[in-house]
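*Asks:* Need a 3D model of the following:
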Amino acid sequence: MARHVEITQQTGVAIYFCDPHSPWQRGSNENINGLIRQYLPKGTDLSGHSQEQLDAIALQLNMRPRKRFDFKCPIEMMSEVMHKAMTMRHEAPASIQ
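*Replies:* Residues are numbered from 1 along each chain as shown. Okay, the predicted model is just below:
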């Protein structure tokens with residue numbers, strides 16, 4: 001996030017940094033950490049796992065339905081967002097593209 005100022009200027013999206021040692025400020029991050037811990041206990045040396053094993057864990061987590069997404073999985077949500085963005089892009093006047 002070294003270029004956070006540039007990202008904000010170019011996109012208009014404000015970037016928020018949580019205070020150190022304040023897990024209540026990053027609830028979704030803490031939630032995913034808990035899900036990851038079901039596969040990889042805290043302190044696990046990732047070098048003991050192949051990239052294929054780590055990719056398989058990521059796929060399982062991304063296919064897991066989430067309450068915050070109305071019980072859709074992250075892959076479904078990302079597909080919907082991407083489809084909507086592509087549809088809007090193709091429907092936008094040429095001057096906007």
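
*Asks:* Show me the domain layout of this structure.
*Replies:* Described in terms of automatic domain parsing, the domain architecture of the chain consists of the residue ranges 24-62, 66-97.

*Asks:* Any chance of a markdown table for those domains, columns mean pLDDT?
*Replies:* Formatted as a markdown table, the domains of the chain follow (pLDDT from 0 to 100):
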| stretch | mean pLDDT |
| --- | --- |
| domain 24-62 | 93 |
| domain 66-97 | 84 |
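
*Asks:* Tell me which of these sits nearest to Gly12.
*Replies:* Across these, the minimum distance to Gly12, taken as Cβ to Cβ, is reached by domain 66-97, at 15.3 Å. To be clear about C-beta, it is placed using only N, CA and C from the backbone, and glycine gets the same treatment.

*Asks:* What are the buried residues along that closest one?
*Replies:* For domain 66-97, the neighbour count (16 or more other Cβ atoms under 10 Å) marks 66, 74, 76 as buried.

*Asks:* Make JSON lines from the domains of the chain and add distance to Cys18 to it.
*Replies:* Supplementary listing: the domains of the chain in JSON lines, determined by distance: least, Cβ to Cβ, whole Å:
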{"stretch": "domain 24-62", "distance to Cys18": "4"}
{"stretch": "domain 66-97", "distance to Cys18": "18"}
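
*Asks:* Helices - which of the buried residues of domain 66-97 land there?
*Replies:* Residues from the buried residues of domain 66-97 lying in helices, with DSSP state H as the criterion: 74, 76.

*Asks:* how about JSON lines for the buried residues of domain 66-97, with distance to Glu91 added?
*Replies:* What follows is the buried residues of domain 66-97, written out as JSON lines (distance: Cβ to Cβ, whole Å):
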{"residue": "Arg66", "distance to Glu91": "29"}
{"residue": "Pro74", "distance to Glu91": "26"}
{"residue": "Glu76", "distance to Glu91": "22"}
